[in-house]
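In: dropping a prediction and its sequence here:
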Amino acid sequence: MDTLPPGTHTVVLAVGDLNGIARGKRLQAGMWETLGAHGVAMANAIFQMDMTSDVWDTPYGNFDNGYPDLHIVPIPGTLRKVPWEDGVVLAVCSTEEPNGDPVPVDPRNVLQTAIDRAAARGYEPYVGVELEFFLLDPETRVPRDDGISVYGLARGARFEHVLGPIRNLCTDMGILVEVSNPEYSPGQFEVNIRYDTAMTSADNAMLFRNAVKEIAWEEGYLATFMAKPFYELSGNGFHTHQSLWRDGTNAFSDDGRLSALGRAYLGGLQRHMPELGLISSPTPNAMKRRQPYTFCPTNNCWGMDNRTVGLRVIEGSPAAVRIEQRDGSADANPYLLLGAQIAAGMWGVEHDAEPGEQETGNGYENTTATPLPADTPSAIALFRESELLADLIPEPLFLTLLQQAEREQQFMIDSGEENLAETVTQVERDRYLDNF
């Protein structure tokens with residue numbers, strides 16, 4: 001069990017919920033030795049509720065069984081200081097049933113399953129994460145600046161009073177932020193988190209989204225990872241840079257070029273990319289990112305260092321060879337997103353998959369690639385029929401994710417706004433802006 005640093009008075013116990021939103025409890029430091037080792041009770045509703053904290057009856061938790069407790073248990077080695085709160089530390093938690101069994105609907109276990117399957121073949125998945133978000137005025141709920149200044153140093157300096165603390169404090173927390181920059185919309189920024197083992201990267205993504213919201217609020221901003229807050233502006237993406245390693249060496253690299261193993265993994269990603277649409281874009285709002293010429297892919301074509309495609313192969317130094325998957329939205333659950341993508345890639349490895357023909361031009365004009373689902377009903381249909389996902393995700397969680405997607409679509413239908421494809425509705429903003 002990790003030892004608390006001197007001067008600690010509070011321990012934050014953090015777990016990613018059904019949507020990868022950080023939830024948990026604050027523990028008085030004097031209780032760490034007693035409760036930290038065995039876990040703290042918490043309602044299992046955290047895996048049976050939507051992003052607004054609304055619950056509904058699911059196969060695992062419902063009003064008939066009373067939404068009983070589970071336990072959140074600190075994971076050794078995850079304890080770290082919360083640099084913007086003196087005397088506060090945080091531990092990432094796993095979840096257990098009261099009898100010690102794993103919780104079958106915890107999305108973190110989905111990623112662990114994918115990691116274990118890769119390990120059984122001798123590989124360790126590594127992932128680098130890029131996340132985009134908006135910084136908004138809390139009162140007006142719109143950006144404080146206007147115009148586009150992507151990569152603009154002057155625009156970046158203007159927001160350094162908040163982006164600087166985000167980079168530095170997150171790095172001090174153990175989430176190594178490599179770079180930040182203004183993105184393709186006013187008030188929008190991107191942060192790149194250094195690659196690490198897949199589980200560490202998923203934990204970091206979950207904690208980073210929460211940290212940004214906390215730090216930004218202290219600086220007078222509302223931060224949101226809502227996928228598409230403004231229809232006329234760029235949406236927020238969640239790009240993942242993937243590779244497989246063996247014995248400390250990048251197995252995707254063949255002298256700096258993509259190896260045969262990497263091509264097979266790429267073939268698996270490409271084959272299964274459409275059926276993962278509900279995981280990569282889990283809300284009706286997220287589907288609105290998928291517009292041509294917006295740097296969000298609309299099909300599953302691949303290319304070399306090409307930002308118009310869904311799968312971008314990056315070559316260079318042996319350690320840097322990787323595949324970037326570009327379809328994820330910033331509201332995606334990190335554990336499900338990485339777990340499903342790794343499972344798809346490993347399917348390719350196991351079946352010696354070969355990717356389709358390389359796209360050397362404009363991926364949006366590719367007529368042979370498979371389109372990605374552009375709306376939630378289409379994504380639900382593909383999800384429901386996916387053998388890959390049914391094999392990866394335990395049935396209670398699989399059904400719960402389907403229920404949530406259907407509920408979100410029904411909210412749009414009930415509001416009469418489900419067909420407003422060329423606008424972001426107030427219903428969407430009310431549900432997602434503050435909660436993601």
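Out: Ah, there it is.

In: from Leu244, how far off is Ala114?
Out: From Ala114 across to Leu244, the span is 12 Å (CB to CB, to the nearest Å). Using the backbone N, CA and C atoms, a C-beta is placed for each residue, glycine as well.

In: same question for Val349.
Out: When Val349 is compared with Leu244 (using CB to CB), they lie 8 Å apart.

In: coming back round to it: overlap in contacts of Ala114 and Leu244?
Out: Counting by CB atoms under 8 Å, 6 or more residues apart in numbering, the residues touching both Ala114 and Leu244 are Pro125.

In: and stretch 244-258, what's buried?
Out: Across stretch 244-258, burial judged by 16 or more other CB atoms under 10 Å covers Leu244, Trp245, Asn250, Ala251, Phe252, Ser253, Asp254, Leu258.

In: stretch 360-376: which residues count as buried?
Out: Under the neighbour-count criterion of 16+ other CB under 10 Å, stretch 360-376 has Gly363, Tyr364, Asn366, Ala369, Leu372, Pro373, Ala374, Asp375, Thr376 buried.

In: let's see which of those end up in helices.
Out: Thr376 (DSSP state H).

In: turn the buried residues of stretch 360-376 into a markdown table, including distance to Ala91.
Out: Output for these, formatted as a markdown table (distance: CB to CB, whole Å):
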| residue | distance to Ala91 |
| --- | --- |
| Gly363 | 42 |
| Tyr364 | 44 |
| Asn366 | 46 |
| Ala369 | 43 |
| Leu372 | 37 |
| Pro373 | 37 |
| Ala374 | 40 |
| Asp375 | 39 |
| Thr376 | 35 |
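
In: where exactly do the strands run in the stretch 301-436 of the chain?
Out: Ranges of strands within the stretch 301-436 of the chain are 302-304, 311-314, 322-325, based on DSSP state E, counting those that start in this stretch.

In: which ones are touching the spatially most central residue of the chain?
Out: Per CA atoms, centre = their mean, the C-alpha nearest to the average position across the chain is that of Pro334, at 2.9 Å. Pro334 makes contacts with Gly16, Gly20, Val129, Ser201, Ala202, Asp203, Ala205, Met206, Phe238, as judged by CB under 8 Å, 6+ apart.

In: so what's the last one up against?
Out: Pointing back at Phe238 there. By CB under 8 Å, 6+ apart, Phe238 lies in contact with 129-132, 205, 280, 328-332, 334, 337.

In: of the residues you listed, which is the nearest to Glu428?
Out: Distance to Glu428 across the contacts of Phe238 (CB to CB) is lowest for Asp331, with 11.1 Å.

In: and for the closest one, the neighbour number?
Out: By other CB atoms under 10 Å, the residues close to Asp331 number 27.

In: for it, which non-adjacent residue is closest in space?
Out: Once flanking residues are discounted, Asp331 sits nearest to Phe436: 4.3 Å by CB to CB, 6 or more residues apart in numbering.

In: so that neighbour sits right up against Ile21, yeah?
Out: Yes - using CB atoms under 8 Å, Phe436 is in contact with Ile21, at 7.5 Å.
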